[in-house]
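J.: below is the sequence, then the predicted model.
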There are 2 protein chains.
Amino acid sequence: MVDASRMGTGSAPAPTAASPLFLRDSEVRRGVELLYFGYASMIRGADRILDGRGLGRAHHRALYFIARQPGLAVSDLLRLLAITKQSLSRVLADLVREGLVESRVGEQDRRQRRLTLTPAGAALEAELFEALRERVAGAYAQAGQEAVSGFWAVLLGLIPLPDRALVLSLDQASRGRRETAGG
Amino acid sequence: MVDASRMGTGSAPAPTAASPLFLRDSEVRRGVELLYFGYASMIRGADRILDGRGLGRAHHRALYFIARQPGLAVSDLLRLLAITKQSLSRVLADLVREGLVESRVGEQDRRQRRLTLTPAGAALEAELFEALRERVAGAYAQAGQEAVSGFWAVLLGLIPLPDRALVLSLDQASRGRRETAGG
DNA sequence: CAATATAGGTCAACATGGTTGACGCATCTC
DNA sequence: GAGATGCGTCAACCATGTTGACCTATATTG
């Protein structure tokens, strides 16, 4: 363990060759804070849109992943959201009732429900994504390509290896779709 | 507005000189996802510690900022957390009852309550921070100094200018304290 | 000094989105 | 046919946020 009484406001393990300056407590705290406020800032615009429709962040997350991976099964969505099925079922019921999401019986495995967005759902997701895109693309443009690579690298490093595949699979899936569609 | 029906799965505004490859929808989505999973991964360890003590993330956030800026006023904390005073007062009452936080009348302005951590509070915050540090420093080390700079640059760009000062002031304040203490 | 503004606390009702636990049904796999 | 899996649902509860109303103590200002 660590001497707790000395750590509170952050004089870290003394920087050495093995633990250079950018790993000091103050640099870690800066990262924690930027991540917290950056994430909050990113979703603020989408929150306003959701408010107007009587939906919440939970609905947004579901819409987002269904848009990202059309036809995913409920179990896939559960894995991505890391919540219980009881919690998801409320959200999903809302979205279906509002005509934003459709659930069809799986073709190979008829126990599965494959989730897709209706046109209305796709339109709302696009509007929500546009709010995210505005902020993120602005930050990317301001910071530059190089910085963006670093941004991705650090965030990926935050995710424990076992979970990393899950995140990367989102990209794979959509890349696959683009190629199939003939992009 | 945007043609919503085409946007759902992300063939962006065609990349041009003014809107280069790294600003495409797929790059934005990657950022959104990494931010979401990265943030969740970062705090997972702290969550487990909190669980064991019957505390939640709200308590953690308060502890964090009080550690970061000892002696801040309730109104400062409210600004940082962006919640209502009714919501904060519950959290703060818990922390005071548990002997983790102390509130003293301000010296210049006796209406203010200046918040500080007790030794027990500082110890818990240190333990929680250690869980964050483990993840963040690992990601930093893995990605390298250059990447960390990019990580900060993009996140800072996500935060609207008016709020940016607030975030940077955390650094300023702690730097001031370190110098005063004779570091 | 009186009036007003500010910092903070508190009560009450309610919303959102998460949890656990128990069960049921359809379907797939062995 | 037996058991595992995917999904849905009921019920109770918890954590954390909201609004609105109202109170006190202290500071500031005309």
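T.: Looks like it came in fine.
J.: leaving out chain neighbours, which residue sits closest to residue A:70?
T.: Using C-beta to C-beta, 6 or more residues apart in numbering or on different chains and skipping residues adjacent in sequence, the residue nearest residue A:70 is residue A:116, 5.0 Å away. The way it works is simple: take the backbone N, C-alpha and C, and place the C-beta from them, glycine included.
J.: go through chain A and flag its longest helix.
T.: Using DSSP state H, we find that the single longest helix of chain A is helix A:25-53.
J.: any bit of it sitting next to chain B?
T.: Yes - counting by C-beta under 8 Å from any C-beta of the partner chain, chain B is contacted by helix A:25-53 at A:25-42.
J.: could you flag which of those are buried?
T.: Taking 16 or more other C-beta atoms under 10 Å in any protein chain shown as the criterion, what is buried in the residues of helix A:25-53 next to chain B is A:25-39, A:41-42.
J.: thinking again about what came up before, report the angle between the longest helix of chain A and helix B:25-53.
T.: 110 degrees (axes from the mean of the first three to the mean of the last three C-alpha atoms, to 10 degrees).
J.: quick one: mean pLDDT for helix A:25-53?
T.: The average pLDDT for helix A:25-53 rounds to 96.
J.: ditto for stretch A:113-130
T.: For stretch A:113-130, mean pLDDT rounds to 98.
J.: can you check stretch A:83-92 too?
T.: Mean predicted lDDT for stretch A:83-92 stands at 97.
J.: mind listing what's buried in it?
T.: For stretch A:83-92, burial by neighbour count (16+ other C-beta under 10 Å) applies to A:88, A:91, A:92.
J.: and that stretch with DNA strand C, contact?
T.: Yes - Stretch A:83-92 reaches DNA strand C (C-beta under 7 Å from any atom of the strand) through A:83, A:84, A:86, A:87, A:90, A:91.
J.: before we move on, back to that, in three-state terms, label the residue nearest to residue A:70 for me.
T.: Using DSSP: H, G, I helix; E, B strand; the rest coil, the structure places residue A:116 in strand.
J.: from residue A:99, how far out is residue A:118?
T.: 6 Å (C-beta to C-beta, to the nearest Å).
J.: looking at chain A, what residue ends up closest to chain B?
T.: For chain A, the residue closest to chain B is residue A:150, as judged by C-beta to the nearest C-beta, at 2.5 Å.
J.: which members of the buried residues of stretch A:83-92 are positioned in helices?
T.: By the criterion of DSSP H, membership of these in helices covers A:88, A:91, A:92.
J.: go ahead and confirm the last one touches residue A:62.
T.: Yes - checked against C-beta atoms under 8 Å, the pair residue A:92 and residue A:62 is within contact range at 6.5 Å.
J.: what about the residue of chain A closest to chain B, helix or strand, and which?
T.: Assigned by DSSP states H and E, residue A:150 belongs to helix A:145-158.
J.: give the other helices and strands that that helix contacts.
T.: Packing partners of helix A:145-158 (3 or more C-beta pairs under 8 Å, 6 or more residues apart in numbering or on different chains; DSSP states H and E): helix A:119-143, helix B:25-53, helix B:119-143, helix B:145-158.
J.: does the second one come close to chain A?
T.: Yes - with C-beta under 8 Å from any C-beta as the measure, helix B:25-53 is seen reaching chain A through B:25-42.
J.: equivalent analysis for the third one, please.
T.: Yes - with C-beta under 8 Å from any C-beta as the criterion, chain A is reached by helix B:119-143 at B:119, B:122-127, B:129-130, B:132-133, B:135-143.
J.: report the angle between that helix and helix B:145-158.
T.: Using the same axes, to 10 degrees: helix B:119-143 against helix B:145-158 is 120 degrees.
J.: helix B:119-143: which residues count as buried?
T.: Under 16+ other C-beta under 10 Å, the buried positions of helix B:119-143 are B:121-133, B:135-137, B:139-141, B:143.
J.: could you tell me which residues make contact with the residue in chain A positioned nearest to DNA strand C?
T.: For chain A and DNA strand C, the shortest gap (C-beta to the nearest atom of the strand) falls at residue A:56, measuring 1.7 Å. Residues in contact with residue A:56 (C-beta atoms under 8 Å, 6 or more residues apart in numbering or on different chains) are residue A:50.
J.: for it, grab phi and psi.
T.: The phi/psi pair for residue A:56 (degrees, to the nearest 10) reads phi -120, psi -180.
J.: measure it to residue B:88 for me?
T.: Relative to residue B:88, residue A:56 is positioned 21 Å away (C-beta to C-beta).
J.: picking that back up, helix or strand right after the helix holding residue A:150?
T.: Using DSSP H and E, the helix or strand that follows helix A:145-158 in sequence is helix A:161-181.
J.: in that next one, what's buried?
T.: Of the residues in helix A:161-181, those buried by neighbour count under the rule 16+ other C-beta under 10 Å are A:163, A:167, A:170, A:173, A:174, A:177.
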